[in-house]
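Asker: 3D, please:
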Amino acid sequence: PTKPVSSWIWLLHDDCAPAPDALSRLLDTATSDTSIGAVGCRQRAWPRGRRLLEVGVTITGTGHRETGLELGEYDQGQHDELRDVLAVSSAGMLVRRDVWDRLGGFDPRLPLFRDDVDFGWRIARSGSRVVVAPGAVVFHAEAATRGVRRIANTSANPQRADRRAALFTLLANCRPVALPLQYVRLLLGSLLRAVGYLLGKLPSAAWHELVAALSVIGRPDRILAARSSRRSLTGGSRSDIRALLPTWWTPYANGIDAVASRFSGVLRDTASSVAAPARRLRTGRRGALAHPLLSVVAVLGVAGLLASRGLWGEGLLQGGALPPAPDSAGDWWRLYIQSWHPVRLGSTEVASPYVAVLALAGTVLLGKAWLLVDVLMLCAPVLAAVGAYVAARRLVSSPGVRAWMAATYALLPVLVGATASGRVGTVVATVLLPWLVPRVVTLVGSTGRQALQAACAAAAVLAVVSALVPVAEVMAAVLLVVALPWLLVSRRASAIPYCFLVVLLPLALLLPWSKRFVAAPQLLLTEAGLPDVSAGQGADPAWQLAFGRVAAPGDAPWWLTAGIALVAVLALLRRERLGGIAAAWVVVAVSLATAAVMSRFTVELPGGGYQAFAWLGFPVVVAQAAGVVAAGLAADGLARFIGAGSFGWRQPLAAAAAVVAVLTPVAGLAWWTSVGPDGELVRREAVPLPAYMVDAIESDTTLRVLVVRGDSDQATYDVVAGDGLRLGDDSVLPPAASVRATGLVTDLLAEGTAASPSRLSALGVRYVVLPRPIDAQLLARLDTAPGLVRASTSAGRLAGWQVDKAPGTSDRAATGSESAGQGRGRQLAGQAGLWILVLVLAAPGLHRRDGLAEER
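Answerer: Just a heads-up that it's a prediction; the model follows:
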C-alpha cells in the first residue's frame with residue numbers, strides 16, 4: 001500500500017540505547033500498514049548483551065508481566081518476523097501522533113510502571129494494532145525496575161509501585177463481566193503471594209504486596225473513574241484482544257516452572273558437591289555410582305532385604321512394641337484432633353504430637369499408613385545412613401570417613417535390635433537424630449539471623465524426637481547445663497540464648513501433651529509404642545551399656561561394638577582435633593549416665609498398671625553415635641598427619657585403629673544378616689479375633705473384648721475396642737482407668753465368682769479371649785467361671801467366651817467424658833501457629849536476584 005505521510009512520536013528512556021538502525025526499521029514497519037498504531041523494538045540487556053528482555057509484552061490474569069520468553073533466552077534471530085502484541089515497552093516505542101493524541105498518551109495514574117501495557121491495551125481497544133518491528137533493537141538497563149537508582153516520580157518502593165500499577169491496569173481494562181471475579185482473584189492472589197514472601201523470609205516484600213493490593217482494591221472509585229474514561233474506546237474486536245492476552249493458567253504454569261527450576265538448581269548444586277569426590281576417584285566408572293554414600297546405601301539395602309526376608313508379604317507389621325498401622329493416615333489425623341478416644345475403656349488423654357507427624361508423612365504417601373510403617377521399620381538402617389552421611393559433611397572432609405561413620409551408625413546393634421522388637425520410638429528417633437547435628441554445629445559457630453535459624457531448626461527436630469522418646473529432652477537439658485561453662489570460657493556467650501531456645505522451645509511445641517510429665521515424671525522414661533513388661537530386665541552389668549547391651553532379648557555380643565569404644569578412646573590422642581572430640585565424649589558420658597540412671601527405675605506403664613524397667617535403647621544409641629563422631633573427627637586427615645612426622649609408635653597404632661574401625665561395621669553387617677536379634681516383629685492380620693467378634697464391637701462402640709495372656713501365676717490383660725490398638729493409640733492409653741479392670745481380672749482368674757462377669761458386663765466387655773500359647777490352668781478357670789459361655793473360635797489360635805449378660809453402660813457415657821477437651825480446637829490452632837512460626841524461622845531465606853550475568 002501507499003505510505004501515507006504522518007507524524008510520529010519516538011519514546012526513549014535515559015537508561016536505554018537504540019541500535020543505529022533502530023529508527024529506520026521502526027519507520028519501515030510503522031508505515032507499512034495504516035492500521036498500525038504503535039511499533040516497538042526487541043529489548044536486549046544493557047549495554048550490548050545478547051540476552052532478550054522483551055519482544056512485546058502482555059499481562060496475565062494475576063498481573064504479571066508476560067514476555068513469552070524463556071529465562072535467559074538469547075537473541076539468535078528467532079523473533080525476526082512481524083508480530084502483533086498487546087503492548088511494547090515504552091523504551092524505543094514509536095507511536096503514531098494521531099493515536100497518541102486521541103488516547104491522551106499515557107495514563108497519569110500510572111506514573112512509571114505498566115504505563116506501556118495500559119497504553120497498548122487501549123490502542124487495541126480503539127481498533128489499531130501494536131507490533132514489534134523485525135530487526136529493531138534497543139539495549140535497556142532497566143534501572144528503575146532493578147532498583148539501581150531512585151525513582152523520582154513516585155515515592156513508593158519499586159516493587160510496590162509495580163504491583164500497584166499491575167493491579168490497576170487489569171481492573172481498569174478487563175471486560176465488565178469479568179470485573180467482580182478479577183477483584184476476588186487479585187485479592188486472594190495477593191494474600192497468597194504475601195504468605196509466600198513470609199515463608200521465603202522476605203517480610204518487606206510481603207508488606208509491599210499487601211499495601212499495593214489494598215491501595216488499589218480498596219479504592220473502587222479510582223477503578224470506576226478509569227473504566228469510565230475508557231468506555232469510549234471502540235473498534236477493537238474482543239476476540240482479537242483476547243488472543244493477545246495469555247491463558248488463565250499461564251501464571252500458574254510459570255509458577256510451577258519456577259519452582260521446578262529452583263528445585264532442579266538445588267539438586268544440581270547438591271549433586272555436584274556430592275559427586276565431586278566420586279569424580280576425583282577417576283576409576284572409569286560413572287561418578288554417581290562411585291559415590292561412597294550410594295555404595296553404603298546399596299550394601300545396606302541388599303542386607304536389609306536379606307535380614308527382613310520373612311517380613312514381606314500380606315498383612316501388617318506388628319509385634320513387640322509396635323501395634324499395627326491404622327487403615328489410613330486419616331485415622332491418625334482423627335486420633336490427634338479428637339478429644340475422646342475409644343481406646344481400652346475410653347480415654348481423654350491428649351495424643352502425642354508424633355501422631356501428627358505420622359499423619360503428615362502418611363498423607364504424603366497418599367494416605368497409606370501401612371506403607372509409612374514399612375518404610376520406617378524395614379528401611380531404618382538405610383535412612384539412618386543417609387542422615388548420618390549428611391551430618392558427617394559438617395564434621396569431616398574425607399568422603400571415606402563419612403561413609404564409615406554412616407555405615408557404622410546405621411549398623412549399631414541397638415538400632416537393629418530395636419527394629420526387630422518393634423521399638424518404633426527408638427527407630428524413628430535414631431533416623432532423625434543425625435539431622436540435629438548440623439543445626440547444633442551451625443548454632444554454636446554463628447550469630448544473628450543464622451544462629452536463630454539454626455536454633456529453630458534444631459528445636460523442631462528435637463521436638464519431634466522428644467515426642468517419640470521423651471528422655472531426649474532431659475538429655476538435651478543436661479547437655480546444655482554441662483556446656484554452659486565451655487561456652488563462657490570459649491567466648492561463645494552469644495550462643496547461650498539460642499542454646500536455651502533449642503532446649504525450651506520443644507516444650508512449647510509439644511503442648512499440651514508435654515504437661516503430662518509434670519504430673520507423672522516417670523512417663524519421661526517411656527517412648528512411642530506399646531508398653532512392654534519385658535523391657536530391660538536389668539540383668540546385664542552397667543558397664544555393658546557402653547557396648548550397646550540394653551538387657552533385651554537377642555542383644556548383640558558386647559565385643560561387636562567394642563571397636564567403636566576403642567577407636568573413640570584412641571581419638572583423644574589427636575590433639576589438634578581435641579575440642580570436637582572432647583565435646584563428643586561429653587555426649588557419651590551424659591548419655592551413658594542417663595542410661596545408667598534409667599536402668600535403676602521401674603515405670604508404671606499407662607493402660608495396664610504393670611511395672612516395667614525403662615527401655616534404654618535411645619540413650620545408648622546417642623552414646624555410641626557420639627563415639628562414632630569422636631572416631632570420625634580423629635580419622636579425618638589422619639593419613640596426612642601421620643605422614644608428616646617421622647616413623648614411630650603413631651604409625652602402627654593408627655594402622656591398628658584403622659583395621660579395628662573398618663571391621664566394626666563389617667562385623668555388624670555379618671551379624672545382622674546371618675544371626676540377627678531375636679525379635680517379635682512379624683507380619684500378620686491386624687486383628688486375630690474371630691470375624692463375628694470384630695463385627696459386633698465395630699457395630700457398637702461401647703462393646704469391648706478382654707484379651708488375657710500368660711499363665712495362672714502371672715497373667716496380663718488388654719481391653720480391646722473396635723479393631724484393637726493401632727499405632728498412635730499407645731499415646732492416649734488411660735493412666736488410671738484400668739484399675740477397675742485390673743481388680744476385676746484378678747477376681748475373675750483367682751475366684752471365678754459370679755459377680756465377676758457382672759462387673760465385666762458393667763464395663764462393656766462382651767467377650768473374653770485367651771490367645772495361644774494357652775495355659776491349661778487358666779483355660780480351666782475361665783471355663784468354670786459362672787456367667788462365661790464358650791464362644792466359637794479358630795481351633796488352635798485362641799479360646800473365647802461370651803459374657804452371659806447384656807453389657808451395661810460404657811464408661812464414656814457414665815463418666816461424661818464427651819465434654820472432656822472442649823478446648824482442643826483452640827489448642828490445635830495455637831500449636832499449629834507456633835509450629836508454622838518456628839518452621840518459617842528455620843527455613844532458609846530466599847534471595848531476590850536482579851537479572852542474570854551477561855555473556856560478552
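Asker: Please count neighbours and contacts with C-alpha atoms only from this point.
Answerer: OK.
Asker: Would you map the helices across the stretch 651-800 of the chain?
Answerer: The residue ranges that make up the helices of the stretch 651-800 of the chain, judged by DSSP state H, counting those that start in this stretch, are 691-699, 738-750, 755-762, 776-784.
Asker: in the first one, what's buried?
Answerer: Read that as helix 691-699. Judged by neighbour count (16 or more other Cα atoms under 10 Å), helix 691-699 contains these buried residues: Met693, Val694, Ile697.
Asker: Mind exporting the C-alpha coordinates of it to CSV?
Answerer: Below are the C-alpha coordinates for helix 691-699, written out as CSV (Å, rounded to 0.1, in the frame of the first residue of the first chain):
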residue,chain,number,x,y,z
ALA,A,691,-14.8,-62.0,62.4
TYR,A,692,-18.1,-62.1,64.3
MET,A,693,-16.4,-60.5,67.4
VAL,A,694,-14.9,-57.8,65.3
ASP,A,695,-18.3,-57.1,63.6
ALA,A,696,-20.0,-56.9,67.0
ILE,A,697,-17.6,-54.4,68.6
GLU,A,698,-17.4,-52.3,65.4
SER,A,699,-21.2,-52.1,65.2
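Asker: As TSV, the buried residues of helix 691-699 with pLDDT and distance to Gly563 would be great.
Answerer: Formatted as TSV, the entries for the buried residues of helix 691-699 read as follows, by pLDDT from 0 to 100; distance: Cα to Cα, whole Å:
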residue	pLDDT	distance to Gly563
Met693	77	53
Val694	71	51
Ile697	70	53
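Asker: so how far is Glu698 from Leu224?
Answerer: To Glu698, Leu224 is 62 Å away according to Cα to Cα, to the nearest Å.
Asker: try Phe106
Answerer: To Glu698, Phe106 is 72 Å away according to Cα to Cα.
Asker: Setting the sequence-adjacent residues aside, check what's closest to the residue sitting nearest the centre point of the chain.
Answerer: A centroid search over the chain (Cα atoms, centre = their mean) returns Ala361, at 8.1 Å, as the residue closest to the centre. Spatially, and ignoring its direct neighbours in sequence, Ala361 is nearest to Leu372 (7.3 Å; Cα to Cα, 6 or more residues apart in numbering).
Asker: Burial check on that neighbour, number of neighbours?
Answerer: The local packing of Leu372 (other Cα atoms under 10 Å) involves 20 other residues.
Asker: Tell me the secondary structure of Val138, please.
Answerer: Classification of Val138 into helix, strand or coil gives strand, according to DSSP: H, G, I helix; E, B strand; the rest coil.
Asker: who's it bridged to?
Answerer: Pro18, Gln43 (DSSP bridges).
Asker: so how far is Pro652 from Arg574?
Answerer: Between Arg574 and Pro652 the distance, using Cα to Cα, works out to 15 Å.
Asker: ditto for Arg175
Answerer: Distance, Arg175 to Pro652, using Cα to Cα: 85 Å.
Asker: Buried residues of the strand or helix carrying Pro485, list them for me.
Answerer: Secondary-structure element containing Pro485, defined by DSSP states H and E: helix 471-489. Residues Val471, Ala472, Glu473, Met475, Ala476, Ala477, Val478, Leu479, Leu480, Leu487 are the ones in helix 471-489 that count as buried (16+ other Cα under 10 Å).
Asker: Return the item of these having minimum pLDDT.
Answerer: Here the lowest pLDDT out of the buried residues of helix 471-489 sits on Leu487, with 84.
Asker: That one contacts Ala493, doesn't it?
Answerer: Yes: proximity of Leu487 to Ala493 meets the contact threshold set by Cα atoms under 8 Å, at 5.5 Å.
Asker: per-residue confidence at Ser646?
Answerer: Per-residue confidence at Ser646 stands at 58 (pLDDT).
Asker: Name the next helix or strand following the helix or strand of the chain with the lowest mean pLDDT along the chain.
Answerer: Across the helices and strands of the chain, mean pLDDT, DSSP states H and E gives its lowest value to helix 811-815, namely a mean of 42. Where DSSP H and E defines the elements, the next helix or strand beyond helix 811-815 is helix 824-842.
Asker: how about that following helix: buried residues?
Answerer: Result for helix 824-842 [16+ other Cα under 10 Å]: buried residues Arg824, Gln831, Trp835, Val838, Leu839, Val840, Leu841, Ala842.
Asker: And for stretch 90-110?
Answerer: Of the residues in stretch 90-110, those buried under the neighbour-count criterion (16+ other Cα under 10 Å) are 90-97, 99-100, 103, 106-107, 110.
Asker: who's in contact with that stretch?
Answerer: Stretch 90-110 is touched from outside by 6-13, 16, 18, 26-27, 30, 37-41, 115-116, 118-119, 122-123, 138, 140, 165, with contacts defined as Cα atoms under 8 Å, 6 or more residues apart in numbering.
Asker: Of those residues, keep whichever come out buried.
Answerer: 8, 10, 12, 16, 18, 26-27, 30, 37-41, 115-116, 118-119, 122-123, 138, 140, 165.
Asker: taking these one by one, which sit in strands?
Answerer: Secondary structure assignment (DSSP state E) places Trp8, Trp10, Cys16, Pro18, Gly37, Ala38, Val39, Gly40, Cys41, Val138, His140 from those within strands.
Asker: Show me how the record splits this protein into domains.
Answerer: For the chain, whose domains are defined here by automatic domain parsing, the residue ranges read 8-167+230-247, 256-288, 291-328+368-677, 687-815.
Asker: Same list, these, but as a markdown table with distance to Ser339 please.
Answerer: Rendered in a markdown table, the data for these read as follows (distance: least, Cα to Cα, whole Å):
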| stretch | distance to Ser339 |
| --- | --- |
| domain 8-167+230-247 | 42 |
| domain 256-288 | 39 |
| domain 291-328+368-677 | 12 |
| domain 687-815 | 10 |
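Asker: weakest of the ones you listed in terms of mean pLDDT?
Answerer: Taking the average pLDDT of each of those, the minimum falls on domain 256-288, with a mean of 46.
Asker: from the chain's centre, how far out does the helix holding Pro485 sit?
Answerer: 27 Å (Cα atoms, centre = their mean, to the nearest Å).
Asker: Same question for stretch 326-338.
Answerer: Here the centre of stretch 326-338 is set off from its chain's centre by 19 Å, with Cα atoms, centre = their mean.
Asker: Also stretch 588-606?
Answerer: On the basis of Cα atoms, centre = their mean, stretch 588-606 is displaced by 31 Å from the centre of the chain it belongs to.
Asker: Name the residues of it that are buried.
Answerer: Under the neighbour-count criterion of 16+ other Cα under 10 Å, stretch 588-606 has 588-596, 598-599, 602-606 buried.
Asker: For Gln450, pull up the helix or strand it's in.
Answerer: When elements are defined using DSSP H and E, Gln450 is found to belong to helix 448-468.
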